[in-house]
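*Asks:* next comes the sequence, and after it the predicted model I'd like to discuss.
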There are 2 protein chains.
Amino acid sequence: MEFEARLRDRTAWSIGDHCSAAKTLELLSTKTAFLVVRECFYGTSRFDDFVTRIEAAAPTIARALKQLESAGVLARTPYREPGARPRDEYRLTEAGEDLLPVFLALVQWGDKHLQDGRPPLTFTRGGDGKQVGVTVTTTDTEPVTSQDIEIRRGGRRTT
Amino acid sequence: MEFEARLRDRTAWSIGDHCSAAKTLELLSTKTAFLVVRECFYGTSRFDDFVTRIEAAAPTIARALKQLESAGVLARTPYREPGARPRDEYRLTEAGEDLLPVFLALVQWGDKHLQDGRPPLTFTRGGDGKQVGVTVTTTDTEPVTSQDIEIRRGGRRTT
DNA sequence: CCGTATCCACAACGATACTG
DNA sequence: CAGTATCGTTGTGGATACGG
C-alpha cells in the first residue's frame, strides 16, 4: 500500500461516482445478475436453465435478465430449431464477454481464500491445457504488485 | 463462447454454492463493502474518510467495515500518533490486497464500457510509468481469450 | 473526531399463482 | 418450457440523534 503517498487532491475524483468500479458495480451489484453472467460463461442460454442452475426464483432471474439486457451485457435473440417452436436464447454481447477478467478474478480470489483445499473448478486453455488466470501486468506483461502501482487522473487507455 | 461444448455433467458443480465466484460475491456483494475496499486501495484508512469519500452514512460504513473485518479482508489496528489520542485504522490484510485484480478488472470494464471518453483514473507502475491492467493469461503470460478456455473440475492451483 | 443505536425507506429475493 | 403478476420478508442504506 504505497498508493497513499502518491495521492493528492483526493476530494476531486474519489468522491461521487466518476469511479468506473462503482459504475460497474451498479450494473452487477445484484448478486443474481452476476450469477447469470457466470452461467453465460458456462454456456447456459435458456431461461429455465438459469433458474435451476442458479437456484433462484423465476421472477428473480427474469429481473436480472432484463437488467443485463438493458445494460447491453446480454442479448436476447430468438431462434428456432428445425421442427421446434421458436424460442429465445440469452447470450453475452461483446461487452458481456469482456467481463471475463472480472469473473475470473472473483473465482481466483474465492479459490485462494474461501475454499478449503482445492478449487472446485479449474480453467485451462484448450490448446495446451495450461492453467489460465488473471494477472495484473503492464501491457508488456511483467507481473505488477499493488505496491508499485500509482494512480493518475485522466489519460488514454490502450486496451 | 465455446465453453458449452466442453461441459458435461452441469448439474453437479454449477448448482449450489461450491462456486468460488458466488462465495466471493457473498462477501463483497454489498456495494458499500466493495467501495470500502476500493478506498483502502486508494489509501483511505480512517473512519471519517470512508464516510466522506464514499458519500455514505456512518452506520452503513460501520456495517461494511465490520463485515469486511470479520471476513478477514480488513484489519482494524489501533495506533497512536505521538501527542494524539489513540485511534484505529483500517487496513487491508493480505487477503484484502489480493482483491486487487478484482478491483482493477471492474475498473477496466467500466472504463471501456461505461465511461464516455477517457477513463477518470489511470493506473501505472511506479518504476517506469507503464500502464497496468488485468489480463487473462496462462502462468507463462500469453494472453488468452474467452474462446479458448476450458473448464475442469478439481485440480490444484499453483497461484 | 470516531463511532453506535434506532428507526425508516426502498430494493432484492422467494413463494405462489397464473398465462401462452 | 418460458415467462409475468402479486405479495410478504429480508437486507441494505439513509437520517437522526446520541456517547467515547
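*Replies:* Looks like it came in fine.
*Asks:* switch to C-alpha atoms for all contacts and neighbour counts from now on
*Replies:* OK.
*Asks:* number of nearby residues for the residue in chain A positioned nearest to DNA strand D?
*Replies:* Residue nearest to DNA strand D within chain A (C-alpha to the nearest atom of the strand): A:D48, separated by 3.8 Å. Using other C-alpha atoms under 10 Å in any protein chain shown, A:D48 has 12 neighbouring residues.
*Asks:* so A:P86 touches A:R80, yeah?
*Replies:* Yes. Judged on C-alpha atoms under 8 Å, A:P86 makes contact with A:R80 at a distance of 4.3 Å.
*Asks:* elements contacting the helix or strand containing the residue of chain A closest to DNA strand D?
*Replies:* Per DSSP states H and E, A:D48 falls inside helix A:47-54. If you count contacts as 3 or more C-alpha pairs under 8 Å, 6 or more residues apart in numbering or on different chains; DSSP states H and E, helix A:47-54 packs onto helix A:31-41, helix A:58-70, helix B:10-14.
*Asks:* does the helix or strand that the longest one is followed by come close to DNA strand D?
*Replies:* When you say that, I think you mean helix A:58-70. Scanning forward in sequence from helix A:58-70 by DSSP H and E, the next helix or strand is strand A:74-79. No. Strand A:74-79 stays clear of DNA strand D (C-alpha under 7 Å from any atom of the strand), getting no nearer than 8.1 Å.
*Asks:* what mean pLDDT does strand A:74-79 get?
*Replies:* Strand A:74-79 comes out with an average pLDDT of 90.
*Asks:* wait, does that strand contact chain B?
*Replies:* No. Interface with chain B: strand A:74-79 contributes nothing (C-alpha under 8 Å from any C-alpha of the partner chain), its closest point being 13.0 Å away.
*Asks:* so where's chain A shaky on pLDDT?
*Replies:* Where chain A drops to pLDDT under 70, the residues are A:1-17, A:81-84, A:117, A:140-142, A:147, A:154-159.
*Asks:* got the residues of chain A near DNA strand C?
*Replies:* A:T30, A:K31, A:T32, A:A33, A:E55, A:A56, A:A57, A:A58, A:P59, A:T60, A:R63, A:A64.
*Asks:* can you lay out these as JSON lines showing distance to A:E39 and neighbour count?
*Replies:* Below are the residues of chain A next to DNA strand C laid out as JSON lines (distance: C-alpha to C-alpha, whole Å; neighbours: other C-alpha atoms under 10 Å in any protein chain shown):
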{"residue": "A:T30", "distance to A:E39": "15", "neighbour count": "16"}
{"residue": "A:K31", "distance to A:E39": "12", "neighbour count": "15"}
{"residue": "A:T32", "distance to A:E39": "10", "neighbour count": "20"}
{"residue": "A:A33", "distance to A:E39": "10", "neighbour count": "21"}
{"residue": "A:E55", "distance to A:E39": "12", "neighbour count": "15"}
{"residue": "A:A56", "distance to A:E39": "13", "neighbour count": "13"}
{"residue": "A:A57", "distance to A:E39": "15", "neighbour count": "11"}
{"residue": "A:A58", "distance to A:E39": "15", "neighbour count": "14"}
{"residue": "A:P59", "distance to A:E39": "17", "neighbour count": "10"}
{"residue": "A:T60", "distance to A:E39": "15", "neighbour count": "12"}
{"residue": "A:R63", "distance to A:E39": "15", "neighbour count": "13"}
{"residue": "A:A64", "distance to A:E39": "12", "neighbour count": "22"}
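*Asks:* closest to B:L92 among those?
*Replies:* The closest of the residues of chain A next to DNA strand C to B:L92 turns out to be A:K31 (C-alpha to C-alpha; 23.3 Å).
*Asks:* please name the nearest non-neighbouring residue to A:T24.
*Replies:* Nearest residue to A:T24 in three dimensions, chain neighbours excluded: B:G110, at 5.3 Å (C-alpha to C-alpha, 6 or more residues apart in numbering or on different chains).
*Asks:* next helix or strand past the helix or strand where that neighbour lies?
*Replies:* Taking DSSP H and E as the definition, B:G110 sits inside helix B:100-113. Proceeding N to C from helix B:100-113, the next assigned helix or strand is strand B:121-125, under DSSP H and E.
*Asks:* distance between the helix or strand just after that following strand and the chain's centre?
*Replies:* Using DSSP H and E, the helix or strand that follows strand B:121-125 in sequence is strand B:132-138. On the basis of C-alpha atoms, centre = their mean, to the nearest Å, strand B:132-138 sits 15 Å off its chain's mean C-alpha point.
*Asks:* in the next helix or strand after strand B:132-138, which residues are buried?
*Replies:* Moving toward the C-terminus from strand B:132-138, the next helix or strand (DSSP H and E) is strand B:149-153. By 16 or more other C-alpha atoms under 10 Å in any protein chain shown, the buried positions in strand B:149-153 come out as B:I149, B:E150, B:I151.
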